[in-house]
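**Student:** sharing a sequence plus its predicted fold:
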Amino acid sequence: MSRSSSLRYYVLSRVLLAPLMIWTITTVIFLLLRATPGDPVDVLLGPRAPESAKETLRIQLGLDAPLWLQYLRYVGQLLRLDLGTSLTSQGQSVWQIIGQHFPATVELTVFSMLVSVIVGVTIGAIAASRPNTPLDVGGRLFGIVTYAVPMYWFGMILQLIFAVQLQWFPIGSRFPLALQPPQGPTGLYVLDSLLTFNFEQFFASIYHLALPSLTLGVLLSGIFERMVRVNLKQTLKADYVEAARARGIPERRIVVAHALKNALIPVITVLGLTFASLLGGAVLTEVTFSWPGLANRLYEAISARDYPVVQGIMVFFAVIVAIASILIDILNAYVDPRIRY
């Protein structure tokens, strides 16, 4: 089987398996929400509401039906691309909630990934190019510490230092209340302010985005530092690197132009999957910094037992991760011609 045909076969199999993965995730979330203690009716009406009022609302929400019937109704909604309506947001649909909060999560994720890649690749390359030196030891220590430090603790420490003590950055929120937020088609404040050439809004967006993205980016950079350091060390021992040294090519050029490019091949897979998981996994960062993203909205929905919002957001994130994993596999196969499926 040729490489192109094997790649097509692999992509087709992944595309066909993606719905199964999404269905599994939605089923697990559906069952877990109903297995945990608590009742959304108590959240909506309060625990002291009359039982007759609770039962009436339970019938209106369809929560009086057997579990299997609720599940069938839910699956039927998903097949119609209907994620449902929030129980706590005055009839707001889940799609409206996603459209309102998802741009903030995307913005935080993009800037965090930029910080993590720049910091992680730089430290990893420096550590690998100087083995068994204090720089190498420092790179390994950086990777261990950033992987082990809890995000919420690190975020609160940075807030205490840079927001409370030094007052360099705001504690929370996405944009200053005294300034009109950017109005644009994307919902991304940085991009929309650039499209309208409003640099006051642009710098205000960057100012509020700096601390949370720095927090998440630094902690994620340890993953890329370890991968780059290990792969670059192996690449620097390859025959073509020794041949380049024998020709008198400067060591810095060998590392940057030859070895680092090949060492970054496995990083591509981690980069794409990390970005996809960040879109749904930045809950602690958004909650710590009061960032109005979709992950923070998911946390609020879980606390309020808002079944449709939790299920809808999780399905949305599952689709993103499935698409991202397929695209990354395809990109990785084209970048590395040795890959066969």
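**Tutor:** Looks like it came in fine.

**Student:** which sections of the chain are below the confidence cut-off?
**Tutor:** 1-7, 10, 43, 256-261, 263-265, 269, 273, 276-277, 279-282, 332-341 (pLDDT under 70).

**Student:** with adjacent residues omitted, what lies nearest to the one residue sitting closest to the centre of the chain?
**Tutor:** With distances taken as Cα atoms, centre = their mean, Leu278 lies nearest the centre of the chain, 1.1 Å away. With Cβ to Cβ, 6 or more residues apart in numbering as the criterion, Leu278 has its nearest non-adjacent residue at 4.5 Å, and that residue is Thr109. For glycine as for every other residue, the C-beta is placed from the backbone atoms N, C-alpha and C.

**Student:** so which helix or strand takes in that neighbour?
**Tutor:** helix 94-129 (DSSP states H and E).

**Student:** give the buried residues for that helix.
**Tutor:** Buried positions in helix 94-129, judged by neighbour count with 16 or more other Cβ atoms under 10 Å: 94, 97-98, 101-113, 115-117, 119-121, 123-129.

**Student:** domains in this structure, by residue range?
**Tutor:** By the assignment in automatic domain parsing, the chain contains the domains 3-79, 95-333.

**Student:** and the nearest residue to Ser129 once chain neighbours are set aside, helix, strand or coil?
**Tutor:** Using Cβ to Cβ, 6+ apart and skipping the chain neighbours, the partner closest in space to Ser129 is Val255 (5.0 Å). State at Val255, reduced to three classes by DSSP: H, G, I helix; E, B strand; the rest coil: helix.

**Student:** Val255: neighbouring residues, count only.
**Tutor:** 20 (other Cβ atoms under 10 Å).

**Student:** in this structure it contacts Leu232, no?
**Tutor:** Yes. Contact criterion Cβ atoms under 8 Å: Val255 and Leu232 qualify, at 7.4 Å.

**Student:** what residues are shared contacts of the two?
**Tutor:** Residues touching both Val255 and Leu232 by Cβ atoms under 8 Å, 6 or more residues apart in numbering: 125, 129.

**Student:** quick one: contacts for the residue nearest to Ser129?
**Tutor:** Applying Cβ under 8 Å, 6+ apart, we find Val255 in contact with 125, 129, 232, 236.

**Student:** quickly note the distance from the second one to Leu135.
**Tutor:** Think Ser129. Counting by Cβ to Cβ, to the nearest Å, the separation of Ser129 from Leu135 is 9 Å.

**Student:** that older thread, show me what the helix holding Thr109 is packed up against.
**Tutor:** helix 134-148, helix 189-195, helix 199-235, helix 265-281, helix 283-288, helix 294-303, helix 307-335 (3 or more Cβ pairs under 8 Å, 6 or more residues apart in numbering; DSSP states H and E).

**Student:** try 7 Å
**Tutor:** helix 134-148, helix 199-235, helix 265-281, helix 294-303, helix 307-335 (3 or more Cβ pairs under 7 Å, 6 or more residues apart in numbering; DSSP states H and E).

**Student:** any chance of the ones you listed in a markdown table with distance to Val15 as columns?
**Tutor:** Shown next, in a markdown table, are those (distance: least, Cβ to Cβ, whole Å):
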| stretch | distance to Val15 |
| --- | --- |
| helix 134-148 | 33 |
| helix 199-235 | 27 |
| helix 265-281 | 16 |
| helix 294-303 | 25 |
| helix 307-335 | 7 |
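
**Student:** out of those helices, which gets nearest to Leu191?
**Tutor:** With Cβ to Cβ as the measure, helix 199-235 is the member of the helices and strands packed on helix 94-129 nearest Leu191 (9.1 Å).

**Student:** chain center to the helix or strand following that closest one, what's the gap?
**Tutor:** Using DSSP H and E, the next helix or strand after helix 199-235 towards the C-terminus is helix 239-246. With Cα atoms, centre = their mean, to the nearest Å as the basis, helix 239-246 stands 39 Å off its chain's centre.

**Student:** ok, stretch 11-24 next?
**Tutor:** On the basis of Cα atoms, centre = their mean, stretch 11-24 is displaced by 20 Å from the centre of the chain it belongs to.
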